[in-house]
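K.L.:
predicted model and sequence follow; I will ask about them next.
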Amino acid sequence: MKGLRIIIFVDLSDPNSQLHLRDPGVSGSLSTFFITSPKFTDTIFHFSQPAAASVVLGVNQDAYSEVNLDYIKTHDIRLARRGAGGGAVYVDPGNLTYAFIDNDDGRNYLNFKKYATPAIHVLHKLGVDAEMTGRNDLTVDGKKFSGMSSLKIGNRFSCGGTLMIDVDLDQAAKALTPPKTKLASKGIKSVHSRVTNIRQYFLPQYRQITFAEIRRLLLEEVFQTTDLATIPTYTMSEADWQQVELIAQNKFTDPDFIMGTKRDDDFFHGNHFDGLGTVEISFSVDDGIVTHARIFGDFNQANGHLKVIEDKLIGTPFKKDNLEEAFRTTNLSANIGPISAAEMADLMLNPHFQEVN
C-alpha cells in the first residue's frame, strides 16, 4: 500500500481468536488493545468476520434513538458500542471488517481515504465502481456499503471500516432507526434505500468469490505481494486475549457504557453538518433557563469532553447571545469538531431541528 508502511498483519483466523471474537464487546476492544499495548509500536492491519448479527453504536450516539431495541431483543441481535466515533452499523456474517492501527504523523489521523484505498482498489478489480463520499463512507451507485470510524489514544489510532458483502439488509433496516435528520441529509427515506451489498456489483467471473478469497486480495493489496508467506504475521496468544477481555470487562461489555442513560428532556434536536456529521442535543428549559443538556452524534471526535459543554449550558438563559457565549467557552473544535457556537445555538433554538424520536 503506497504511502503506508505496514509492518504486521494480525491473523485472527485461529480457533482461539474466533472463540473470543464471538462477543462483539470483546471484538470492539481490539483497537484499544492494539493502540495501548506496549507490545505493538508499528503499523498493524487486521480483519474479522462477525460470527453473529449485532448492532455497533458509535461512542457518542444515543442507543434509544438509533436502534430498534425491541426488535434486536426479539431477534437475538447483540448490541455493542465501540470506542470510536461514527454512526451505528448492523453487522452479521455477511460483513467483513478491516482496520489499521497506526502512529499519528500529523497527516494521517482521520485521513479516511488513505486507509480505504486498499479496499477501493480491490473492489475496482472485482468490478465495483466504489468511491469515497462524504467524510467516511464508501459508496457504489449512490448507495453506502461501508462506513469508517477512528479512535485515537495518545499518538496511536485505529482507522477501519466495514464491507457489506452478503449482509441481511432487511434485518439491518429493521434494527436501525436513525433520526430523520440523518436520513434527510442523504436524500433518502429509509436505511434500506441508503445501503447495499456489493456482491451484486462484482463482475460475473467474481460473483461467487468467497470471503477467504476477498481477504487474500486485500492482503495482497495492502502488502503489495502475492506471496502471503512473506507477510510479517502475528497470532494472538491467550495472554493477549486475556488483556483484551479485561479491557472489555472494564468498559465495552458494561451495560451502562453500551446503553447510556435514557433521555428524559423536554426537547431533542438534531442536524447534519457537512464535514462533521450529525449532532444532536437533548435539553430541558424551565422559566427561560437551560436546566439540563446532553449531546449525542455520529461525529468522529471520540475523545471530546462533551460533559464540559453540557455542564456549561446548565443555568444559561435560553437566548441566542447567551447560548453562543456559553458554547464559545467550551472548545467546540476539540470536543465535537468543526462547528461554530452560532450553529450550536441555532440547533437548540430552531424548532425545525426537533427530532421525532
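P.N.:
That came in fine, so what should we check first?

K.L.:
now do stretch 56-71: distance from first to last residue.
P.N.:
This stretch, stretch 56-71, spans 15 Å end to end (C-alpha to C-alpha, to the nearest Å).

K.L.:
oh, and call the first residue 21 from now on, that's how I've got it
P.N.:
Okay, using 21 as the starting number, the last item reads as stretch 76-91.

K.L.:
so which bits of that stretch are buried?
P.N.:
Neighbour counts over stretch 76-91 (16 or more other C-beta atoms under 10 Å) mark 76-89 as buried. Glycine gets a C-beta too; all of them are placed from N, C-alpha and C.

K.L.:
now do it, average pLDDT.
P.N.:
The average pLDDT within stretch 76-91 is 95.

K.L.:
tell me how far it is from the chain's mean position?
P.N.:
How far stretch 76-91 lies from its chain's middle: 12 Å, per C-alpha atoms, centre = their mean, to the nearest Å.

K.L.:
Met364 should be in a helix, yeah?
P.N.:
Yes. Remark: Met364 belongs to a helix, assigned using DSSP: H, G, I helix; E, B strand; the rest coil.

K.L.:
so who does it touch?
P.N.:
Neighbouring residues of Met364 by C-beta atoms under 8 Å, 6 or more residues apart in numbering: 299, 301, 343-344, 347, 352.

K.L.:
partner residues bridging Ile309?
P.N.:
Ile309 has these beta-bridge partners by DSSP bridges: Asp306, Pro337.

K.L.:
contacts only, for it.
P.N.:
Contact analysis of Ile309 by C-beta under 8 Å, 6+ apart lists 335-338.

K.L.:
just among those residues, which is most surrounded?
P.N.:
The most crowded member of these, judged by other C-beta atoms under 10 Å, is Thr336 (20 neighbours).

K.L.:
okay if I get the buried residues of stretch 76-91 as a markdown table plus distance to Tyr226 and secondary structure?
P.N.:
Formatted as a markdown table, those follow (distance: C-beta to C-beta, whole Å; DSSP: H, G, I helix; E, B strand; the rest coil):
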| residue | distance to Tyr226 | secondary structure |
| --- | --- | --- |
| Val76 | 28 | strand |
| Leu77 | 33 | strand |
| Gly78 | 32 | coil |
| Val79 | 36 | coil |
| Asn80 | 37 | coil |
| Gln81 | 35 | coil |
| Asp82 | 39 | coil |
| Ala83 | 37 | helix |
| Tyr84 | 41 | helix |
| Ser85 | 39 | helix |
| Glu86 | 34 | helix |
| Val87 | 34 | strand |
| Asn88 | 34 | coil |
| Leu89 | 38 | helix |
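
K.L.:
who's in contact with Val160?
P.N.:
143, 148-151, 216, 218, 221.

K.L.:
do you know how far it is from Asp284?
P.N.:
Using C-beta to C-beta, to the nearest Å, we find Val160 at a distance of 41 Å from Asp284.

K.L.:
returning to that earlier point: and which of the buried residues of stretch 76-91 is nearest Asp122?
P.N.:
Within those, proximity to Asp122 (C-beta to C-beta) peaks at Val79, which comes in at 19.2 Å.

K.L.:
got phi/psi on that closest one?
P.N.:
With angles defined as degrees, to the nearest 10, Val79 sits at phi -60, psi -30.

K.L.:
tabulate the buried residues of stretch 76-91 (JSON lines), appending distance to Ile27.
P.N.:
JSON lines is the format used below for the buried residues of stretch 76-91 (distance: C-beta to C-beta, whole Å):
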{"residue": "Val76", "distance to Ile27": "27"}
{"residue": "Leu77", "distance to Ile27": "31"}
{"residue": "Gly78", "distance to Ile27": "28"}
{"residue": "Val79", "distance to Ile27": "27"}
{"residue": "Asn80", "distance to Ile27": "31"}
{"residue": "Gln81", "distance to Ile27": "33"}
{"residue": "Asp82", "distance to Ile27": "38"}
{"residue": "Ala83", "distance to Ile27": "36"}
{"residue": "Tyr84", "distance to Ile27": "41"}
{"residue": "Ser85", "distance to Ile27": "41"}
{"residue": "Glu86", "distance to Ile27": "36"}
{"residue": "Val87", "distance to Ile27": "37"}
{"residue": "Asn88", "distance to Ile27": "41"}
{"residue": "Leu89", "distance to Ile27": "41"}
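
K.L.:
what is the nearest of those residues to Gly317?
P.N.:
Of all the buried residues of stretch 76-91, Asn80 has the smallest distance to Gly317: 5.3 Å, by C-beta to C-beta.

K.L.:
residues contacting the residue lying closest to that closest one once chain neighbours are set aside?
P.N.:
Counting by C-beta to C-beta, 6 or more residues apart in numbering, Asn80 lies nearest to Gly317, which is 5.3 Å off, once chain neighbours are set aside. With contact taken as C-beta under 8 Å, 6+ apart, Gly317 is in contact with 80-81, 290, 297-300, 356.
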